[in-house]
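Below: sequence and its predicted model.
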Amino acid sequence: MNFKMPEDFKKAYQKELENYQISLKEKNLVQAWKFLERAHVIGQYHPIPHTGIHFRMLVFGIRTFNGKEIFGQLIRVLFGWIGSLLNRIPVGNTGGVSVPIFASMPIPDDLKSLLKDADTDRIGLSGLKTK
């Protein structure tokens, strides 16, 4: 169970959220969303950050009047943390409703070293490789 987020994950997660806030202030919503997605790829391994990013995505959906995103994020806020807790998440999934909830996706190249322990060999739900 992944309760404690490692320091390198925290730093990367916080950097994505800082970039999100900057993009929001600049009213660059497309870029802001991309930073939320990247934060999701990093944070989904840990229940609290995972839920936190889905909450931010929910607020973003409200801010942009996107009913589909609002509904989808409500579901993810309520249940996404369970997958993190059990280390069964769709590795690389960006967290928005535009992608299937259980679909694994490629990890962005610049995050591969951080997520080197992500179990990308498994099909379906996986998580961090157990040592």
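Thanks, I have the structure now.

Identify the residues contacting the residue lying closest to residue 102 once chain neighbours are set aside.
Among residues not flanking residue 102 along the chain, residue 90 sits closest, at 5.2 Å (CB to CB, 6 or more residues apart in numbering). C-betas here are computed from N, CA, C, even on glycine. Contact partners of residue 90, counting by CB atoms under 8 Å, 6 or more residues apart in numbering, are 83, 101, 102, 103, 104, 105, 124, 125.

Just the buried subset of the residues you listed, please.
With burial judged by 16 or more other CB atoms under 10 Å, the buried subset of the contacts of residue 90 is 83, 104, 125.

quick one: which of these is nearest residue 17?
Within the buried ones among the contacts of residue 90, the smallest distance to residue 17 is 20.7 Å, found for residue 83 (CB to CB).

Secondary structure element holding the closest one?
Following DSSP states H and E, one finds residue 83 within helix 67-85.

So the most centrally placed residue in the chain: helix, strand or coil?
Centre of the chain computed as the mean C-alpha position; nearest residue by CA atoms, centre = their mean is residue 40, 1.3 Å away. Following DSSP: H, G, I helix; E, B strand; the rest coil, we place residue 40 in the helix state.

Contacts only, for the closest residue in space to it that isn't next to it in sequence.
Take residue 40 and drop its neighbours on the chain: the residue closest to it by CB to CB, 6+ apart is residue 95, 3.4 Å away. Counting by CB under 8 Å, 6+ apart, residue 95 touches 36, 37, 40, 41, 44, 53, 54, 57, 76.
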